[in-house]
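J.: structure for the following, please:
(chains A and B)
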Amino acid sequence: MSITALRRLILIGLLLAIGLGLSLASPSFLKLDNLMTLLQEASQTGIVAVGFTLVLITAGIDMSIGAVIAITAMICANFLTYTHIPAFAFIPVALGAGCLVGLFNGFFITRFKLPEFIVTLASRGILAGLALLIAVKDADGFVSNVFIQDPVYLGFGGTVGPFYIITIVFLVLAVLVQFFLKRTRSGTNIYATGANPTAARLSGINTDKTIFAVYMFSGFCASLSSIFLSARMMTAMPEFGIGSEMDVIAAVVIGGTPFTGGIGDIWGTVIGTVFLAMIKNGILKLGISPYIQPIVIGGIIVVVVVVDVWYKGFAERLARNRARRRTAEQDRAAA
Amino acid sequence: MAKTKLMALPLALFLLCAGMTLSAQTWKIGYLPSTVGQALTKAWGTGIDTTLKAAGNVQLQALDAQMKAETQVSMMDDFINQGYNLIILQPIDAAALTASVKKAESKGIPVITLNTDTLAPHFACVTMDDYGAGYLVGESIGKTLKGAGNVALIQSPPGALAGVEREKGFRASMAKLYPNIKIVGAQNGEWNKDKAIAIMNSFMQVNSQLDAVFAVNDNMAEGAAIAAESAGRLKNIMIWGFNGQMSTLAQIESGKVFGTAYTNAYDQGAIAAKLALEALKAGTKTFAKTQVVTVKPFLATKETVGQIPAASRW
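T.: A predicted model of the protein is given here:
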């Protein structure tokens, strides 16, 4: 079995162990309602994380995702408050806004060779400000958070059978993107761009185009998640999503996609988001003081990543030793 | 592989032990403030806890929404899924928590809101009079300045209803009673002391004459006082806060902060807890109209702060 597959199994093992611990500790953990809420939460982070994973595979980072969530929510709020345009007509516009942010990020990263972190941090600031600027205001000029009543729009927060729509969308998206990454030429280009951009360029891959595409997709995913968020909360706030990038990063890294780029996949990210959502959901049921809760969450993340890194090193050492032994044996046989 | 399992085991055990504390079956009440780290929400918590403890078979669990509406909504879901009997909630945003409150009440879980009402009718709302108290602060500043001067505002984050109402009340009294007082600046201090220091510094640099500052919570007023003092201008600038936390009352006594709109947060928590017990005993599940209880504000200045006994300071 390959190292990656084993690492994945270990992560799933940890996931199940903690799940088991939680269901023993709290009878309400395994209730259908709770599991569905858990998946809903996971999908909220997960949709953004799918886009973010691609960025991370190219060895980039996108800090603007939280602010994209905010600006998308504000665009929808404006449409809902000031126009009678139906939801299915303005939602593509809102999703387009996310892509546009990606285009902006990609432009400055590729044309001006600016560090990804700085570019996306700057667009995060710009978007957070813009979100406040275009937020719906009351008569005195104060931001007023609209109460959404459009049935079509609210439908996105609904369920099909026991599953929230967002969960289904997340899983479909994950399957499609995983297929795209592993089975198409463009998917391979993303890995190549992250692993060694110079080599990729020399072998004829248009790395700039790849970078444009991943940032636009990341923006798109953040916008998509924003629609579901505002539908669930029945309102849109200019501070939506700001700060949520940390959860996304945590989920993707737990899932085994490193900052260094070139490796990682969507299955890992799916497991990572479910993992994070489960810890956050479970911790609420244990009756621990709210002061301790963030420490426990942080601690578990550290443990998971440490186990992962330790195992990776261990497996590599093992493989190296095995290879060395084999060469030694071959040498002996030759002698 | 074996080693990983070994690491997972203590983790699961730890989670299990922590969960044991939740096993005894009594009334379960959830307390969900905007954040647990503030003097105000702590004082509410104490007020609620003391009252419930006296009643006996009630178990209180607090969660920290960390000032994020998204987090608060998922925590509401969690209380609902776990079958809590009643929820005491300080909504971070009125619109954002409306769906959650509706959901809770539709599952027969009464909700008591603190300070911010939601758009859906629910059992009760125990609130400070933010608008009214903001108006009173404006009136008092205007009176001290004899109707003329420059004032500045240190605001709450946009969209934070409590802060916005305080500011609206303040601006209304200025517009109505003291048209000659100029509001020379208004900046968002994010409820936060160090942010307020920076804002106060910029206010003082821009305005050579600044007579009063109204910060919409006490933390920010304390920050403004620190900045004014280090600039040597504390004597000429009157600083007002809002809430009346213990440290600010002490600063009023020592003359650093001029005044604050004080509300007895212990009492407010206790009122919410008493209402909670009533609802649980009566077993009522549906409420056509929210019962609103308003806790009166009290303007604490150097002259009046002595009237607040030590036991009521939080």
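J.: how about the helix or strand residue A:201 falls within: buried residues?
T.: Using DSSP states H and E, residue A:201 sits in helix A:197-202. By neighbour count with 16 or more other Cβ atoms under 10 Å in any protein chain shown, helix A:197-202 contains the buried residues A:197, A:200. Glycine gets a C-beta too; all of them are placed from N, C-alpha and C.
J.: could you pull out the strands for the stretch 151-300 of chain B?
T.: B:181-188, B:212-215, B:238-243, B:259-262, B:291-295, B:298-301 (DSSP state E, counting those that start in this stretch).
J.: before we move on, what about chain A?
T.: In chain A, the strands defined using DSSP state E lie at A:159-160, A:163-164.
J.: now do the contacts for residue B:152.
T.: With contact taken as Cβ atoms under 8 Å, 6 or more residues apart in numbering or on different chains, residue B:152 is in contact with B:183-187, B:203, B:207, B:210, B:212-214.
J.: run the last query once more with 10 Å
T.: B:182-187, B:199-200, B:202-204, B:206-207, B:210-215, B:224, B:237 (Cβ atoms under 10 Å, 6 or more residues apart in numbering or on different chains).
J.: quick one: name the residues of the stretch 101-250 of chain B near chain A.
T.: Contacts of the stretch 101-250 of chain B with chain A, taken as Cβ under 10 Å from any Cβ of the partner chain, map to B:102, B:107, B:118-120, B:155, B:157-161, B:163-165, B:167-168, B:171-172, B:188.
J.: what's the PyMOL syntax to select whichever of those are buried?
T.: Only the buried entries of those go into this PyMOL selection, using 16+ other Cβ under 10 Å:
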select buried, chain B and resi 102+118+120+155+157+158+159+160+161+163+164+165+167+168+171+188
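J.: thinking again about what came up before, next, format the strands of the stretch 151-300 of chain B as a markdown table and append distance to residue A:328 and mean pLDDT.
T.: Output for those, formatted as a markdown table (distance: least, Cβ to Cβ, whole Å; pLDDT from 0 to 100):
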| stretch | distance to residue A:328 | mean pLDDT |
| --- | --- | --- |
| strand B:181-188 | 68 | 95 |
| strand B:212-215 | 74 | 97 |
| strand B:238-243 | 75 | 96 |
| strand B:259-262 | 79 | 96 |
| strand B:291-295 | 82 | 93 |
| strand B:298-301 | 83 | 95 |
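J.: what residue lies at the spatial centre of the chain?
T.: By default, I'm working from chain A. Centroid-nearest residue in chain A: residue A:49, 0.9 Å away (criterion: Cα atoms, centre = their mean).
J.: that's the other chain; I wanted chain B
T.: residue B:40 (5.4 Å).
J.: I'd say that residue and residue B:115 touch.
T.: Yes: counting by Cβ atoms under 10 Å, residue B:40 touches residue B:115, with 8.8 Å between them.
J.: what do the two both touch?
T.: With Cβ under 10 Å, 6+ apart as the test, residue B:40 and residue B:115 both reach B:33-34, B:90, B:128, B:162, B:263, B:268.
J.: now the contacts of residue B:152: which count as buried?
T.: B:182, B:184-185, B:187, B:199-200, B:203-204, B:207, B:210-215, B:224, B:237.
J.: got a list of what residue A:108 touches?
T.: Applying Cβ under 10 Å, 6+ apart, the residues near residue A:108 are A:114-116, A:118-120, A:122-123, A:215.
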